[in-house]
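[1] The sequence and its predicted three-dimensional model are supplied below.
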Amino acid sequence: MINALIRFSVENRLIVILLVAIMSAAGAYSLINLPIDAVPDVTNVQVQVLTAAPSLAPLEMERQVTFPVEVAMSGLPDIEEIRSVSKFGLSAVTVVFDESVDTYFARQLVLERLAQAREQIPESIGSPEMGPISTGLGEIYQYELKSPDGSYDAKALRTVQDWNVRRQLLGVPGATEINSFGGYEKQYQVRLEPAKLQSYGLTMRDVYEAVSRNNANVGGAYIQKGAEQYLLRGLGLVENPEDIGNIVVKTGPEGVPIYVKNVGEIVEGSTVRQGAVTADGKGEIVAGIVLMLKGENSRTVVENVKSRVEDVKKSLPAGGGLSPFYDRTQLIDRAIATVEKNLIEGAILVIVVLMLLLGNWRGALLVATIIPLSMLFAAILMRVFNVSGNLMSLGALDFGLIVDGAVVMVENTIRRRAEAQHESETLGHRENPQRTILESCLEVARPVVFAVAIIAIVYLPILSLRGIEGKMFVPMALTVVFALIGSLLLSLTYVPAMMTLVLSGKVSEKESFLIRWAKKAYMPAFDFVGRYRAQALALAVGLVAISGAIFPYLGSEFIPRLDEGDIAVQVQRLPSVSLEESVRNTTEVEKVLMEFPEVKTVISKTGRAEVATDPMSVDFSDLYVALKPPEEWTTTKDKTELVEKMSKALDERVPGAMASFSQPIELRVAELISGVRSDVAIKLYGDDLKVLKEKADEIVKSVQTVKGAEDVKAEATSGLPQLQIKPDRAAIARYGLNVEDVNDMVESVVAGKDAGQVYEGEQRFNLVVRLDEESGKNVDSIRNLILTAPNGSRVPLSQVADIQLVEDAAQITREDTRRRIGVELNVRGRDIGSFVVEAQAKIAKEVQLPPGYYLKWGGTFENLQRASERLLIVVPIALFLIFVLLYTTFNSIKQALMIYTGIPFAIVGGIVALALRGMPFSISAGVGFIALFGVAVLNGVVMVSFINHLREEGKTVLDAVREGAETRLRPVLMTALVASLGFIPMALATSAGAEVQRPLATVVIGGLITSTLLTLLILPTLYGWVEKDREGEFTEDEI
């Protein structure tokens, strides 16, 4: 079939060229429409269930909301984990599913179970709802609403955001949610004065019920009048504060109506806030966050958002403005620029090497055309299989590997054509170029298929990776395999067809100066190794042993940290802090950071947004620190050093702010995947919150002394001050009151009770009934609140309830239905693997856990552990597949094992290269080793196949080994050079995203150096040693 395909291509070259042109057009279309992002979306399949109950404490949230939701979700198919956090006013339950589950199917399953959960949750508390269909990469665009001339305050800007900007941006294709953050949400409030209520003999409930009953429209179907019908409507909605004030609560003894305005004030207030946004140390702002629908093309969505924003600006009221402060396309552009730079530089290096080594510029250019054509072919399959274009899927392409099959085809054809021309000139007959080209292609067709197959096969086990590492490297493996398939098809069709055009004339095989120089250096070295083969083999084995001894000292990490270009700072304070104090403290932090000339802007989010996808409490702030381009930095040129200087400045100048540094996407993705925001998380499980806190503090004390530990802190699970009002049942019974009367009073002090809505055109605002500001001013005023008994007597709240100031739980975190507390920390200055090993030993020695309590290690370390276990399966599979392919090719276990020795020698180079560059072993490096195996073995196949061919022609083992080594020098060097040079730009890159690629490229380049030396020096010697006994041709000293 392969031979028939090549023959068809040579005989029908115009058809082949036309088909390639059509493929190129389809590839160009696919490439233009390929989803583009900076990095793969590594977020797992999860559904968030959010329940807002603004007045409930964490313990009530856990008991009345979180637990029923968790029970309802338990038992769903393909669930991997259920975790939750209960905070003041919020319950967030995250249900994580297996990766094979479709996101929309998972949401359908959760939606069905929510019906069960709602039956267990009191109606007055709140209704659990699913969060938006987004991921850790979902926050693609963030903007600030402002009023440059000061004509709009924070409340007015928030109203513009909620009812103008948000509604327009929700219509952008691919945007699933526009989250409002900061400012004050407008609300109409009836603020009752307790003294006036008492004077009129009214209760809060009287007012609440009156307002609720007097704020509704109704429909009465229609009436007929002659041939027409008239709709029947009752219009009772309040339209303004005057309407609310004129609602009659009750009629007095003399028939005089008592209006709402007689017992309180109707004002335009704001809801109780759980979050705020500040900027650049200048105070509060109103912000909007655009969340992208999972699976959408982020570049396209952002461009659509920016286009819509221009329309939105035109609709803003006079004096209002909108400006973005985060745009994902900036990171995408930097990452894609890195990929483009590496690919272009790699392609240029490959082309130059081909021209130098092939000695024929037309043949070199023909091979070079395989690079863009294979890329276009890969783009078609990437679009078919929904693989996005990003740093990993495109950045790990090595054009040296892709052109390997074409190189073999063209190199053999040039050699055969030169020989045929020389023969025709000698014998005086005319050569048939097309026939020579066909024969040369058929001659190497099987090796070409084998060469591409062996490289592709080593990538296949990578497809079995799961979790974050799977989402990072499976797209890379798929893209490489797609490109290899394209290069193979092109090598068997397009290359033979084009060679009949570009190599049909006179062809001279010129040995380039590089090859001549290489042969002069190589053959004496080859003879030297042959004379001292025992010592050479012993040295080779020794190098393998030494590299094995070096490996444990490399250290380990999961995946190198991708430099996003900006910084995220998380600031934690005491749980007792107020929102106003957090805002003040955050503003001070911003001022310190803005003093660094490298900082362009600082945007801080304290607490949580309206849609609480990130359930922070008011003691937490996330700061987005946008940096200027590195060339404008003056304090330092190193980002790590800049972070250290910032951390030191904050420690010295902003007391009470515990700051930890990360990156925006990294921080969000880490929390969504594992529920923690740090490199390492030590999770302690148990039941008693007090015991959990005590042991967590012991762990903090122990682990913070380990070298490399930074930003060590335990989750703040306690210390939330509460004013607890517990009704005295005997006392309220004496006055004819009940618990509900007391609870109504408590609920209405600040938050108030919803009594309907007020409509202003298309806008609607909540209408609440609450006590006036003075009533909730301090503890004493609350103690003195007056309840009116049924008999008219006035009773202070302190007489019917026990009022105490206590500290209670600030948040309650659960995983798989068990309470847990986390100790979070970042690791700087050393690898994570060795750090955790040392920390585990220290904690085991110094911290004693009670029965029923246990530890788990999470965060990045958990990912490293899982990925390492998977590699222990994947790597042997790759090695086994290589061996099977070698055995089926040579039908000899001895020769298969002989070529197999290229793998340990390739590993030697990879380990030494990592050690020389100071890089720990990571999953990126592990994937690099897997990719290296194929190329290392391929060179051995090239050498052994040719030696076998020479022996089949009747040459002795000695002659075959020597001639084979000398003749195969060029193909071996060419394969190694084009593969390694293709990776050099990646290994040396310093721009955005290069951190992930460098270990992979370093391993391949280092491994190719040592495996090539083995192929050229050790393998021929080993071949002669192994095969000599069968021939009986020479003694041990003859090689």
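    Here it is on my side, so go on. Note that the structure is a prediction, hence the values are computed from the model and not measured.
[2] so which helix or strand takes in residue 151?
    Using DSSP states H and E, residue 151 sits within no helix or strand.
[3] surely it meets residue 316?
    No: contact criterion Cβ atoms under 8 Å: residue 151 and residue 316 do not qualify, at 11.5 Å. Every residue, glycine included, has its C-beta placed from N, CA and C.
[4] Which residue ranges of the stretch 251-400 of the chain form strands?
    257-259, 264-270, 275-279, 284-292, 321-327 (DSSP state E, counting those that start in this stretch).
[5] Show me which residues of the last one are buried.
    Of the residues in strand 321-327, those buried by neighbour count under the rule 16 or more other Cβ atoms under 10 Å are 322, 324, 325, 326, 327.
[6] is the second one in a bridge, and if so with what?
    Here residue 324 sits in beta bridges with residue 143, going by DSSP bridges.
[7] contacting residues around it?
    With Cβ atoms under 8 Å, 6 or more residues apart in numbering as the criterion, the residues that contact residue 324 are 141, 142, 143, 144, 306, 309.
[8] what's the neighbour count on the nearest residue to the fourth one once chain neighbours are set aside?
    The reference is to residue 144. Counting by Cβ to Cβ, 6 or more residues apart in numbering, residue 144 lies nearest to residue 285, which is 5.0 Å off, once chain neighbours are set aside. Neighbourhood size, residue 285 [other Cβ atoms under 10 Å]: 21.
[9] before we move on, what about residue 517?
    10.
[10] Please name whichever of the strands of the stretch 251-400 of the chain is nearest to residue 724.
    Residue 724 lies closest, by Cβ to Cβ, to one member of the strands of the stretch 251-400 of the chain: strand 275-279, at 24.8 Å.
[11] between the closest one and strand 284-292, how many degrees?
    100 degrees (axes from the mean of the first three to the mean of the last three Cα atoms, to 10 degrees).
[12] neighbouring strands for strand 275-279, and are they parallel or not?
    Strand 275-279 is paired, per DSSP bridges, with strand 284-292 (antiparallel), strand 599-607 (antiparallel).
[13] which strands and helices sit next to the helix or strand containing residue 871?
    Element membership of residue 871, judged by DSSP H and E, is helix 860-890. Packed against helix 860-890 by the contact rule (3 or more Cβ pairs under 8 Å, 6 or more residues apart in numbering; DSSP states H and E) you find helix 433-459, helix 467-492, helix 664-674, strand 680-685, helix 832-846, helix 893-900, helix 923-952.
[14] possible to save those as TSV with distance to residue 415 and mean neighbour count?
    As requested, these are arranged in TSV below (distance: least, Cβ to Cβ, whole Å; neighbours: other Cβ atoms under 10 Å):
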stretch	distance to residue 415	mean neighbour count
helix 433-459	8	20
helix 467-492	17	23
helix 664-674	52	22
strand 680-685	57	24
helix 832-846	50	18
helix 893-900	23	19
helix 923-952	12	24
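[15] Dump these to a markdown table, plus distance to residue 241 and mean pLDDT.
    Below are these laid out as a markdown table (distance: least, Cβ to Cβ, whole Å; pLDDT from 0 to 100):
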| stretch | distance to residue 241 | mean pLDDT |
| --- | --- | --- |
| helix 433-459 | 69 | 81 |
| helix 467-492 | 54 | 88 |
| helix 664-674 | 41 | 75 |
| strand 680-685 | 51 | 90 |
| helix 832-846 | 59 | 90 |
| helix 893-900 | 86 | 86 |
| helix 923-952 | 62 | 83 |
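[16] closest to residue 740 out of the ones you listed?
    strand 680-685 (38.0 Å).
[17] if we can go back for a sec, closest to residue 506 out of the contacts of residue 324?
    Once Cβ to Cβ is applied, the member of the contacts of residue 324 that ends up nearest residue 506 is residue 306, at 57.7 Å.
[18] Could you report the pLDDT at that closest one?
    Residue 306 carries a pLDDT value of 94.
[19] now swap in residue 495 and tell me
    90.
[20] Equivalent analysis for residue 1038, please.
    Taking residue 1038 on its own, its pLDDT is 40.
[21] Same question for residue 650.
    With respect to pLDDT, residue 650 scores 92.
[22] Spell out the secondary structure type for it.
    Classification of residue 650 by DSSP: H, G, I helix; E, B strand; the rest coil places it in helix.
[23] Could you double-check that it lies in contact with residue 659?
    Yes: taking contacts as Cβ under 8 Å, residue 650 lies within contact range of residue 659: 4.8 Å.
[24] overlap in contacts of those two?
    residue 589.
[25] A helix includes residue 637, no?
    No: Residue 637 sits outside any helix when classified using three-state DSSP, being coil.
[26] Could I get the pLDDT score of the closest residue to it other than its chain neighbours?
    Leaving out its chain neighbours, the residue that sits closest to residue 637 by Cβ to Cβ, 6+ apart is residue 630, at 6.6 Å. At residue 630, the model reports a pLDDT of 85.
[27] Please determine how far residue 630 is located from residue 911.
    Using Cβ to Cβ, to the nearest Å, one obtains 31 Å as the distance from residue 630 to residue 911.
[28] pretty sure residue 829 contacts residue 708?
    Yes: if you go by Cβ under 8 Å, residue 829 and residue 708 touch, sitting 5.2 Å apart.
[29] Looking at the two, which is more packed in?
    The neighbour count for residue 829 versus residue 708, taken as other Cβ under 10 Å, is higher for residue 708 (19 against 11).
[30] And that one, its phi and psi?
    Backbone torsions of residue 708, given as degrees, to the nearest 10, read phi 100, psi -10.
[31] For the closest residue to it other than its chain neighbours, give me its contacts.
    Nearest residue to residue 708 in three dimensions, chain neighbours excluded: residue 830, at 4.1 Å (Cβ to Cβ, 6+ apart). The contact partners of residue 830, by Cβ under 8 Å, 6+ apart, come to 555, 707, 708.
[32] Residue 830: what secondary structure?
    coil.
[33] separation between it and residue 641?
    Taking Cβ to Cβ, one finds residue 830 at 16 Å from residue 641.
[34] Over to residue 74?
    Counting by Cβ to Cβ - residue 74 and residue 641 are separated by 48 Å.
[35] Now do the buried residues in stretch 547-560.
    Those would be 547, 551, 554, 555, 556, 557, 558, 559, 560, for stretch 547-560 by 16+ other Cβ under 10 Å.
[36] my bad, should have said stretch 914-925
    For stretch 914-925, a neighbour-count test (16+ other Cβ under 10 Å) marks 914, 915, 919, 920, 921, 922, 923, 924, 925 as buried.
[37] could you give me the average pLDDT of the helix holding residue 871?
    On average, helix 860-890 scores 82.
[38] three-state assignment of residue 422?
    Applying three-state DSSP: residue 422 is helix.
[39] What residue spans form the domains of the protein?
    1-33+359-510, 44-134, 135-185+273-333, 186-270+721-809, 513-554+892-1039, 566-662 (automatic domain parsing).
[40] Which one of these lies nearest to residue 817?
    Comparing these by Cβ to Cβ, domain 44-134 comes nearest, at 5.6 Å.
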